[in-house]
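Trainee: Return atomic coordinates for the entry below.
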Amino acid sequence: MTLRLLRQLACLLLLIGAFSFRAPQPMTWVAIGDSITYLNDHPEQTGNRITKGYMTRVVEKLPYIKFVNQGHNGWTAIRIAQQIDSLGLTKADIYSVFLGTNDWWHGKPLGHFTDYQQNTGTGTVYGSFRIILDKLRRLNPQAHLLLITPMPRTDFVQINNPKNNAYGSYKPKTGQTLESFARAIDSIGRAEQIPVVDLYHLRSLRMEKLVKSKRLKNPATGQYVDYRYPDYTTIPFNPATDEYPYPPAAIDRTYDGLHPSDEGYELITRQLVRRLKAFR
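Mentor: Residues are numbered from 1 along each chain as shown. The predicted structure is shown next:
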C-alpha cells in the first residue's frame, strides 16, 4: 500500500470516528432519599463541614445529567411511600432511591420479600419499596432505576443539637440489623433486575473508617480522650455537659458518625458515576 493510500485511509477513519461520535443526550435524574440526599443543597446545616453532596459531584463528572433533589430530612422509606403522591415527583430519565437508615433506627418493621411481591402496603419497608417503585414506573415506564443501600453508621451526634444522637449499626435496633435492610434492598434489585449500589458492604466505608476518633470523658479520670472504634462504643456521652465529640480532627468518611463528609460523598459519587454512565 502506497503512502498516499495510507494517508487517505487514515483520513477516512478520522471522518468515520467524527461522525459516529455523539455527545450524550441530556438526562434528568430525580434522587429520592433522606438527609444524606437532602444535605446536598444545605451544607450550612452541617456546620459547613461539607461543601457539596453526591448529586452535585455526580453531575460535575457527568454534565449531561441534571438532578432534582428529592431528599427529605429524617424521613423513612415508609413515610416516603405514604406520601408518594404528594411529593411532586416528575417524569425523569433516571430515578435513584437511597433510603433505609432511618427505618432501621426508628424500628420500622422490615417485613419479608413477600410483602414486596404481594404489595402489602406501608406497614413494612419491603411493602413500601413496592409502592415507591410502582410510582416511579407509572411516571416513566422507560426510566432507568437505581437502588442505593444504607451505608454503615457509627455513633451519631447531630452537630447542631447533640441531644439528637444514636448508636451505630454495630449492634441491632429493636431486634433488626441495618445490614438486613441493605440485604433487603439488594434482594429487590436482584428480583427486579434493578442495579444496586451496595454501600453497606463497601470496604472504604467500613465502621472503623467512618470517624477517626470520638472525643469523650474517661469515666475514671474525667479527662477527655480521643477514643477509636470500637473503644468509644462503651464510653458514655452526656449531651448536656460534654463537649461535641467529633471535632474537625475526628472527621473521616463521615463528619458526625452518620452523614458523609466530603471524602465520604466522593466515595459514594464514584460508585454512582460508574452505574449512571451505563444509562446513556
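Trainee: Do a quick rundown of the helices in the stretch 101-250 of the chain.
Mentor: Using DSSP state H, counting those that start in this stretch, the helices assigned to the stretch 101-250 of the chain run over residues 101-105, 113-117, 125-139, 178-192.
Trainee: The third one: which residues count as buried?
Mentor: Applying a neighbour-count criterion of 16 or more other Cβ atoms under 10 Å, the buried positions in helix 125-139 are 125-133, 135-136. (C-beta placed from N, C-alpha, C; glycine too.)
Trainee: can you check the second one too?
Mentor: When neighbours are counted by 16+ other Cβ under 10 Å, the buried residues of helix 113-117 are found to be 115-116.
Trainee: That one packs against which elements?
Mentor: In terms of contacts (3 or more Cβ pairs under 8 Å, 6 or more residues apart in numbering; DSSP states H and E), helix 113-117 is packed against helix 125-139, helix 178-192.
Trainee: if we go to 7 Å?
Mentor: Judged by 3 or more Cβ pairs under 7 Å, 6 or more residues apart in numbering; DSSP states H and E, helix 113-117 is in contact with helix 125-139.
Trainee: quick one, the helix it packs on and helix 178-192 angle?
Mentor: 40 degrees (axes from the mean of the first three to the mean of the last three Cα atoms, to 10 degrees).
Trainee: circling back to that earlier point, as TSV, the helices of the stretch 101-250 of the chain with distance to residue 228 and mean pLDDT would be great.
Mentor: Formatted as TSV, the helices of the stretch 101-250 of the chain follow (distance: least, Cβ to Cβ, whole Å; pLDDT from 0 to 100):
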stretch	distance to residue 228	mean pLDDT
helix 101-105	23	98
helix 113-117	38	98
helix 125-139	32	98
helix 178-192	21	98
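Trainee: For residue 242, which of those helices is the nearest?
Mentor: Of all these, it is helix 101-105 that lies closest to residue 242, at 21.4 Å by Cβ to Cβ.
Trainee: Export only the CA atoms of the closest one, formatted as PDB.
Mentor: Presented in PDB, the C-alpha positions along helix 101-105 are these (Å, rounded to 0.1, in the frame of the first residue of the first chain):
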ATOM      1  CA  THR A 101     -31.200   4.000  57.600                       C
ATOM      2  CA  ASN A 102     -34.000   6.000  59.300                       C
ATOM      3  CA  ASP A 103     -36.300   3.000  59.100                       C
ATOM      4  CA  TRP A 104     -33.800   0.900  60.900                       C
ATOM      5  CA  TRP A 105     -33.100   3.500  63.700                       C
END
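Trainee: Centre of the chain to that helix, how far?
Mentor: Chain-centre distance of helix 101-105: 13 Å, with Cα atoms, centre = their mean, to the nearest Å.
Trainee: and it, what other elements does it pack with?
Mentor: So helix 101-105, by 3+ Cβ pairs under 7 Å, 6+ apart, packs with helix 178-192.
Trainee: Does anything pack onto the helix it packs on? Which helices or strands?
Mentor: helix 101-105, helix 125-139, strand 144-148, strand 196-197.
Trainee: just the angle between it and strand 144-148, please?
Mentor: 160 degrees.
Trainee: What are the contacting residues of helix 178-192?
Mentor: 100-101, 103-104, 110, 113, 116, 125-126, 129, 147, 149-150, 152-153, 169, 195-196, 198, 200 (Cβ atoms under 7 Å, 6 or more residues apart in numbering).
Trainee: On the strand side of things, show who the most centrally placed residue in the chain bridges to.
Mentor: Centrality entry for the chain: nearest residue to the mean C-alpha point is residue 98, 5.0 Å, by Cα atoms, centre = their mean. For residue 98, the beta-bridge partners are residue 33, residue 148 (DSSP bridges).
Trainee: Starting from residue 180, give me the distance back to it.
Mentor: Remark: distance between residue 98 and residue 180 (Cβ to Cβ, to the nearest Å) = 17 Å.
Trainee: same check, this time on residue 241
Mentor: From residue 241 to residue 180 the distance is 35 Å (Cβ to Cβ).
Trainee: neighbour count winner among those two?
Mentor: residue 180 (15 against 7; other Cβ atoms under 10 Å).
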